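Asker: From the sequence below, what's the structure:
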Amino acid sequence: MTVKTEASGVRSVERAFELAFDLAAHPEGAGLQQLARETGCSKSTVHRLLATLQALGVAEQDAASKLYRPGPRLAELAPIAGEPDLRRLALPIMRQLRDDTEETVTLHLVEGDSHVVVEQVESEHEIRRINPIGQPVPLAAGATARAILAFLSPEQAAAILARTGDGAGPSERELADIRERGYSLSPGERLAGGTAMSAPVFDRSGRLCAALSVSGPRFRFTTARATRCAPLLTGAARRLSMALGYRASSQSTHGPEGEA
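Answerer: Got it, this is the predicted structure:
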């Protein structure tokens, strides 16, 4: 009887690890039926294991979509020296965000006093916003620049603006408002006829490492529509941050306590 119990326990551990690894492959989320199919377990078994993984912080369930995705503690299983592949983790999340908003989604990295588009998922509309990949843009104006500056320290932001701007950059009050909202919105500030919004992405240490943006032509992607899409953007940025190992308890000078 003891041998049987031990064997059953070992098999449960094996299945839990298989499920955790499967979740890691779906940072955008996966349904119960899909996870059961991919792991070869029954839905009842997967549901029971997911409940255990959720209690441990290894899995979590989106309240709106009901999809399961990696929890913040799953990143602790990765070697500390290893850095997650940002673009690989971002792409499925970006595709979902593009589908949800129907507008172009871009991933930006900070390079010195500029930000650079390193990945892009274009809108499927005939008229759409396309951003040049690899072209440095000064951290002075626009939704992405503001989202990045807002989540740097005041000293870093002031130094960057002093080197790149002419005194017309965002004020500390504007940056504080962005931190409170969790995203920035720019109707035609950097490019006439366009609307853009951006949210910060944080790494496992709680530091800003990238920005996720949505942009489109202003006749379709109006300020009102962009505002309605804001929860989709901040949710996507939060999921990407968590896929990178960010946790609500991460220490960050300006990182959010619960939202990305």
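Asker: Show the pLDDT at Ala168.
Answerer: Ala168 carries a pLDDT value of 64.
Asker: Report the next helix or strand after the helix or strand of the chain with the lowest mean pLDDT in sequence order.
Answerer: Lowest mean confidence among the helices and strands of the chain (mean pLDDT, DSSP states H and E): helix 2-24, at a mean of 71. Remark: after helix 2-24, the chain's next helix or strand is helix 32-39, criterion DSSP states H and E.
Asker: what helices or strands is that next one leaning on?
Answerer: Helices and strands touching helix 32-39, by 3 or more C-beta pairs under 8 Å, 6 or more residues apart in numbering; DSSP states H and E, are helix 2-24, helix 43-56. Where you see a C-beta, it was placed from the backbone N, CA and C, and this is true even at glycine.
Asker: can we see that at 10 Å?
Answerer: Where contact means 3 or more C-beta pairs under 10 Å, 6 or more residues apart in numbering; DSSP states H and E, helix 32-39 is packed against helix 2-24, helix 43-56, strand 68-70.
Asker: Point out the most buried one among those.
Answerer: strand 68-70 (a mean of 24; mean count of other C-beta atoms under 10 Å).
Asker: which other residues reach that strand?
Answerer: For strand 68-70, contacts defined as C-beta atoms under 10 Å, 6 or more residues apart in numbering pick out 19-20, 22-32, 34-35, 46-47, 50, 53-54, 58-62, 77, 89, 93, 239, 242-243, 245.
Asker: Pass me the low-pLDDT residue ranges in the stretch 51-200 of the chain, would you?
Answerer: Scanning the stretch 51-200 of the chain with the threshold set as pLDDT under 70 gives 75-84, 165-168, 190-191.
Asker: Distance check, Leu97 against Ala20.
Answerer: Between Leu97 and Ala20 the computed distance is 25 Å (C-beta to C-beta, to the nearest Å).
Asker: Equivalent analysis for Arg95, please.
Answerer: 23 Å.
Asker: who does whichever strand or helix holds Glu174 touch, helix- and strand-wise?
Answerer: For Glu174, the element it lies in under DSSP H and E is helix 172-181. Contacts defined by 3+ C-beta pairs under 10 Å, 6+ apart place helix 172-181 against helix 143-150, helix 154-164, strand 184-187, strand 194-202, helix 223-243.
Asker: Quick one: closest of the ones you listed to Glu103.
Answerer: Evaluated with C-beta to C-beta, those place helix 223-243 nearest to Glu103, the distance being 7.8 Å.
Asker: Grab the CA positions of the closest one and hand them over as PDB.
Answerer: Output in PDB follows, covering the C-alpha atoms of helix 223-243 (Å, rounded to 0.1, in the frame of the first residue of the first chain):
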ATOM      1  CA  THR A 223      -8.500  59.200 -28.100                       C
ATOM      2  CA  ALA A 224     -11.800  57.800 -26.800                       C
ATOM      3  CA  ARG A 225     -11.200  54.400 -28.400                       C
ATOM      4  CA  ALA A 226      -7.600  54.300 -27.200                       C
ATOM      5  CA  THR A 227      -8.800  55.000 -23.700                       C
ATOM      6  CA  ARG A 228     -11.200  52.100 -23.900                       C
ATOM      7  CA  CYS A 229      -8.300  49.900 -25.100                       C
ATOM      8  CA  ALA A 230      -6.100  51.000 -22.200                       C
ATOM      9  CA  PRO A 231      -6.900  47.900 -20.000                       C
ATOM     10  CA  LEU A 232      -6.000  45.600 -22.900                       C
ATOM     11  CA  LEU A 233      -2.600  47.400 -23.200                       C
ATOM     12  CA  THR A 234      -1.800  47.500 -19.500                       C
ATOM     13  CA  GLY A 235      -2.900  43.900 -19.100                       C
ATOM     14  CA  ALA A 236      -0.600  42.800 -21.900                       C
ATOM     15  CA  ALA A 237       2.300  44.700 -20.400                       C
ATOM     16  CA  ARG A 238       1.600  43.100 -17.100                       C
ATOM     17  CA  ARG A 239       1.600  39.600 -18.500                       C
ATOM     18  CA  LEU A 240       4.900  40.200 -20.400                       C
ATOM     19  CA  SER A 241       6.400  41.600 -17.200                       C
ATOM     20  CA  MET A 242       5.300  38.500 -15.300                       C
ATOM     21  CA  ALA A 243       6.600  36.200 -18.000                       C
END
